[in-house]
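1. Please find the sequence and the predicted model below.
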Amino acid sequence: MRFYVPEWDDAVDADYDFDHDELSSLNRQERDLDYVWDIFDRQTTPIDGVLISREQVEETNRKAKRLKEYGVYDDPVLSVPEWLPTISDCGAWGYKSLPFPPYGNEEMLDFYEALEVSVGVTIDHLVSGSGKDEGLLYLDKRAFHSDFKQKDIPDSLTNVVDLMVDEWPEEWPSFVDEYEPSIRINSDEEVKPFAPEIFEGNADEVLTQLADDPRAVYREDDKQFRYDLTLRNAREMYDLYEDGDYPFRLMVAIQGWCPDAYTSAAEEVLDIGYNYLGLGGVAGSPIHDVRQIVSGVGKVVKTFERKNDTRVDSHVLGFAKTEAFETVGRSGMSSFDSASMLRSAWTGGQNYRLDADERYDAIRVRYPSTRDDLDESIEKSLRGRETLAALRAYAANEPIAEALQDWKAKANPVLEETRNYLREHRHDEQYNVSRLRDVESVFRADFEQARELQASFSANLRRRVVKLLRKDESEDPVDFAEYDDLLERAEHEFEKYPRMLPEVESTDEDSDVEAVDQIWTVVQEYATWIGDDDLLDEYYQTLKARPWEKCDCPICAEHGVEVCIFRGNDRNRRRGFHNTRRFYDEFARDLPKTLIATPGNATQGDYDTVEEYLREEHPTFWQHVHDLPVAEIGLIDADGFHEWCEETPDSVSFDADKMATNLADIAQRYQQAYIHTPSTELNDSVIDTVESVGCELQTFEQAEKLREGVLTSFGENYVVGWDFLPHPPQIDTKDGLDILVIDQCSGSKEVPEDSPIFEKDELDQFTKDELLSRENVPGIIARDLYTGRQQEYVKEAVQGLKAGGHNVSRYFVSAGFGLVREDEKLPPYEVTFSSMTANEIRERSEQLHIPQEMKLALNEISYDIVLFTLGKDYYTSIDIDEIVTEIPADRIGVVFNRELVGEQFDNVISISARNEDAKTHGTIVIGLKGLYLKNFAQRINSVDQLKPRTIEQLCQRVQGESTQAVLGDYQ
């Protein structure tokens, strides 16, 4: 499986001066730019490919011209390495508010060919739909003007239609004629401004007036139109691609608004002939939606592969989350892309990532704002420079007081030396240039203190000095007092520094003060002054943990604490590259990069594609591997690895040394390789060389064993056997079941009259054992303490299940003590989650370690069934969406009133337990979940095979109804 990163000009200055926060050149064209693939070597680059959208290519004319001239691999700026595949698409998110894609199909194919990308994507139109009764109205932004703006459109229209306002292209592609010929105006025609009277009247009248207006497009069912147009483009582009001789692979983009729409689209494009599907429109979607879409499309694809003895790749566009690895992998997706790990470095909190659970806030040391006056800029620069000096000393385990004094000594002569330099050189010929940037470049290169002048005293001050230099001429000199005025203002402010030296020195005298608390005096004061006091807790955790020391990526190894400082592109984007590396490590751990191959032979040149060759010459191998997930499949020869979808190589060689060299070069990017060797052993030199680059290589004579080995390597949820897709599990009940019940505490408790009842403050101050050791404090077994109606029903159900030969464990989620066993003794208490907000519940839960304890309980033994008889607040406390992922795919989880959870996983069922259900059972909703468990306990021994739906039917059995009538087709 491959991970692609979108190309959005995410590059850093290779020679950036971190000490002075100075670019290597003021002219961007002169800088040596590093992309993520330039910073890491081939083996450790944390991406498997680059996604290049046309929208980004054409962001500037310079970039578009350059990439079309050189292509993405030979471009002198981008220079993507040859070994990184590239995908290019049309950038549907960029034109989502237009009524049509602004490109034609043949035009896009030519665009992909010019860029020389590996894969081009068909033109899709993001399915958005409308929430208004009358549908959606598109308007050309160019038609609005100062006398009539978008906000002037009457409510009578905007209340019933959604508006999409954007600047339309000067000319639409020719296919638009078939749908809206009225909007195909010539590019040399001016767009006529909207007149207010066009929008007067009721909505129907306005829409009728706009029907043939070249500035408007109206649709009642926009989502269906976009869906159909995307499929039409798929058909037309396929025919054009087949008739042409294009050097890239064609991926088809599909869109939808629900899982069924996506699966229907997948079925249609597979019938067209596509073997690479791209799932569009899921970027930003909730993970539960993505799980359903990916699972649905995955099953369609696998069914098609197995029926047609072929292989199909699938790509998830714009989505990558660690918690979805399981679904993406088992559904057979081949690749995905996302910039979220990169963007997270400068958007929101927890922007320095070690893994999915360990994240930290980079410490903001802010530049002066362009809105600041000179005095404010100088003060902000000095305070920031002082804070940076302290942070660097802390990271290097050096005395902070000495670092502040060293910085003072370094900055102290700068202003006077600037004054002297200006007196001597202000009329030099080199300053006789017109552009301000050129003057500043000369000043920076010629004056050795120019960098420190900006670093300590602000870019604003240096820029003002440079402006005077440009203006200053020997024939018409600037009064030197103007220079002096600028420098004196900086000198006046600098007299106060180092401001934090007394505080640091006072902590230095106390030998008990830890280094983290010493740096904290500096960071706390700075963050409070600059206005980031709401981040103090997060900053302290970062400083205490020193996470930059825990990462061995080349960025952290070289720059250390600078990566944990939030300050400008060249730090923030490097932190983004680091975040991507850490994400990629998790990706590789959860879904090991896997190569599956068989050696070629002399006949491979007789076939057009590797797939044809493998199907005909190695049918047993192909049958057992062609549908495997999370792997690249193909043949190997002396030229290396050739993937199934490629054309067969022109020449054939099996030189062992050459094969070893080329395979090792490719294997750097894989954790494991599985080679089918039915007739000959792989040369030892090949095996040794491949394993020397860290790729575990295994050979198999039998294809069946190879398949089994691959699936086993992916973990227990990839069920060993033929089919690894998510399916509702089926569990044999005859030998008894291992059942786990996660119950909740109740408001009603059985407490002796004279015993004390502890509240939250005391529970937080003392341990459970300390409270139980007090006089007159009874220890009450949890199952006896909680006496709510639900808890009593669950107790009876547990007793019944045990009597029926089943092994049952029961826990309670307690707002007072966390996760407790049913036989655990507790003191009387009164704390509940029901009075807390969701954030307070999560904080309390973390304090009590509830999610962590839940995971431990779930993994004590391999439970067949896990039942969560919880209410809304208690589901929040255990993070139910995350917890259910701990249940193995061949075991069953049961939740109540959590349909979003049940819809995501084939092995999890959500059972409705609401007021209408309670009426059916002749009871009230309180205790209904417990009653369901009683029903389940009474009837479980009447069935031999248990599926998730069977449990639902058993739970919801109405009194007196036979088991067979309830189960129907679910047995």
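-> Looks like it arrived, so ask away.
2. Would you confirm that E611 belongs to a helix?
-> Yes - remark: E611 belongs to a helix, assigned using DSSP: H, G, I helix; E, B strand; the rest coil.
3. ok, it to V312 distance?
-> 11 Å (Cβ to Cβ, to the nearest Å). For glycine as for every other residue, the C-beta is placed from the backbone atoms N, C-alpha and C.
4. Could I get the full set of strands for the stretch 601-750 of the chain?
-> 632-637, 640-643, 672-676, 696-700, 731-732, 738-744 (DSSP state E, counting those that start in this stretch).
5. would you turn those into TSV with mean neighbour count?
-> TSV is the format used below for the strands of the stretch 601-750 of the chain (neighbours: other Cβ atoms under 10 Å):
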stretch	mean neighbour count
strand 632-637	24
strand 640-643	20
strand 672-676	23
strand 696-700	17
strand 731-732	14
strand 738-744	24
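6. For those, could you give me a markdown table that also reports mean pLDDT?
-> Converted to a markdown table, the strands of the stretch 601-750 of the chain look like this (pLDDT from 0 to 100):
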| stretch | mean pLDDT |
| --- | --- |
| strand 632-637 | 96 |
| strand 640-643 | 95 |
| strand 672-676 | 96 |
| strand 696-700 | 95 |
| strand 731-732 | 95 |
| strand 738-744 | 97 |
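7. and I865, what are its phi and psi?
-> With angles defined as degrees, to the nearest 10, I865 sits at phi -140, psi 140.
8. ok so, going back, and the strands of the stretch 601-750 of the chain as a markdown table, adding distance to W346?
-> Formatted as a markdown table, the strands of the stretch 601-750 of the chain follow (distance: least, Cβ to Cβ, whole Å):
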| stretch | distance to W346 |
| --- | --- |
| strand 632-637 | 33 |
| strand 640-643 | 36 |
| strand 672-676 | 35 |
| strand 696-700 | 37 |
| strand 731-732 | 48 |
| strand 738-744 | 39 |
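9. Looking at these, spot the one closest to A803.
-> Closest to A803 of these, according to Cβ to Cβ: strand 738-744, at 13.0 Å.
10. Export stretch 822-841 to PDB, keeping only CA atoms.
-> Output of stretch 822-841 as PDB, limited to C-alpha atoms (Å, rounded to 0.1, in the frame of the first residue of the first chain):
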ATOM      1  CA  GLU A 822     -18.000  -6.600  39.800                       C
ATOM      2  CA  ASP A 823     -16.500  -8.300  42.900                       C
ATOM      3  CA  GLU A 824     -14.300  -5.300  43.800                       C
ATOM      4  CA  LYS A 825     -15.100  -3.600  47.200                       C
ATOM      5  CA  LEU A 826     -15.900   0.100  47.100                       C
ATOM      6  CA  PRO A 827     -16.700   2.700  49.700                       C
ATOM      7  CA  PRO A 828     -20.000   4.500  49.500                       C
ATOM      8  CA  TYR A 829     -19.700   7.500  47.100                       C
ATOM      9  CA  GLU A 830     -21.800   9.900  45.100                       C
ATOM     10  CA  VAL A 831     -20.200  11.000  41.800                       C
ATOM     11  CA  THR A 832     -21.800  10.700  38.300                       C
ATOM     12  CA  PHE A 833     -20.900  11.500  34.800                       C
ATOM     13  CA  SER A 834     -24.500  12.800  34.100                       C
ATOM     14  CA  SER A 835     -23.800  16.200  35.600                       C
ATOM     15  CA  MET A 836     -20.600  16.800  33.500                       C
ATOM     16  CA  THR A 837     -20.000  18.200  30.000                       C
ATOM     17  CA  ALA A 838     -18.500  16.000  27.400                       C
ATOM     18  CA  ASN A 839     -15.100  17.600  27.900                       C
ATOM     19  CA  GLU A 840     -15.300  17.200  31.600                       C
ATOM     20  CA  ILE A 841     -16.200  13.500  31.200                       C
END
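11. before we move on, the earlier item: which among the strands of the stretch 601-750 of the chain is found nearest to V252?
-> Proximity to V252 (Cβ to Cβ) singles out strand 640-643 among these, at 18.4 Å.
12. Tell me which strands that closest one pairs with, and in which orientation.
-> strand 632-637 (antiparallel) (DSSP bridges).
13. what's the strand it pairs with in contact with?
-> Outside of strand 632-637, the residues within contact range by Cβ atoms under 8 Å, 6 or more residues apart in numbering are 2, 311, 594-600, 604, 610, 613-614, 625-626, 641-644, 646, 649, 652-654, 659, 663, 675.
14. Just the buried residues of those residues.
-> Buried subset of these (neighbour count, 16 or more other Cβ atoms under 10 Å): 2, 311, 594-600, 604, 610, 613-614, 625-626, 641-644, 649, 654, 659, 663, 675.
15. correct me, but F18 touches H559?
-> Yes - with contact defined as Cβ atoms under 8 Å, F18 reaches H559; the gap is 6.6 Å.
16. if I look at those two, which residues touch both of them?
-> Contact criterion Cβ under 8 Å, 6+ apart; residues shared by F18 and H559: R571.
17. give the contact list for the nearest residue to E7 once chain neighbours are set aside.
-> In space, and not counting its chain neighbours, E7 is closest to I52: 4.8 Å by Cβ to Cβ, 6 or more residues apart in numbering. Taking Cβ under 8 Å, 6+ apart, we find I52 in contact with 6-7, 72, 86-88, 115, 117.
18. for those residues, which one is nearest D212?
-> S88 (35.9 Å).
19. any idea how far T876 lies from L928?
-> 20 Å.
20. who's more crowded, those two?
-> Neighbour totals were compared for T876 and L928, and L928 leads with 27 against 20 (other Cβ atoms under 10 Å).
21. Check whether the more buried one really touches A913, as I assumed.
-> Yes - in terms of Cβ under 8 Å, L928 counts as a neighbour of A913; the distance is 4.6 Å.
22. On the three-state scheme, the residue nearest to E7 is what?
-> strand.
23. could we number from 587 for the rest of this?
-> Okay, residue one is now 587; in that scheme the one you just asked about reads as I638.
24. That one and P755, how far apart?
-> I638 is 20 Å from P755, by Cβ to Cβ.
25. now do F890
-> Per Cβ to Cβ, F890 is found 37 Å from P755.
26. what does L723 give?
-> From L723 to P755 the distance is 18 Å (Cβ to Cβ).
27. Looking at these two, which is more packed in?
-> The neighbour comparison of L723 against P755 (other Cβ under 10 Å) goes to L723, with 26 against 16.
28. wouldn't that one be in contact with D799 here?
-> No - using Cβ under 8 Å as the test, L723 is too far from D799 to be in contact (10.5 Å).
29. Quick one: low-confidence residue ranges for the chain.
-> 716, 771-774, 1094-1099, 1306-1307, 1545-1557 (pLDDT under 70).
30. Which parts of the stretch 1437-1557 of the chain are helices?
-> Counting by DSSP state H, counting those that start in this stretch, residue ranges of the helices within the stretch 1437-1557 of the chain are 1458-1464, 1466-1469, 1485-1490, 1501-1506, 1514-1525, 1534-1541, 1549-1553.
31. Throw those helices into TSV and include distance to L815, thanks.
-> Below are those laid out as TSV (distance: least, Cβ to Cβ, whole Å):
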stretch	distance to L815
helix 1458-1464	41
helix 1466-1469	35
helix 1485-1490	28
helix 1501-1506	42
helix 1514-1525	47
helix 1534-1541	38
helix 1549-1553	46
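32. Ranking those helices by mean neighbour count, which comes first?
-> Of those, the one with the most neighbours on average (mean count of other Cβ atoms under 10 Å) is helix 1514-1525, at a mean of 24.
33. ok now it, how far from the chain's centre?
-> 40 Å (Cα atoms, centre = their mean, to the nearest Å).
34. quick one: it to strand 1324-1330, angle?
-> Helix 1514-1525 runs at 160 degrees relative to strand 1324-1330, counting by axes from the mean of the first three to the mean of the last three Cα atoms, to 10 degrees.
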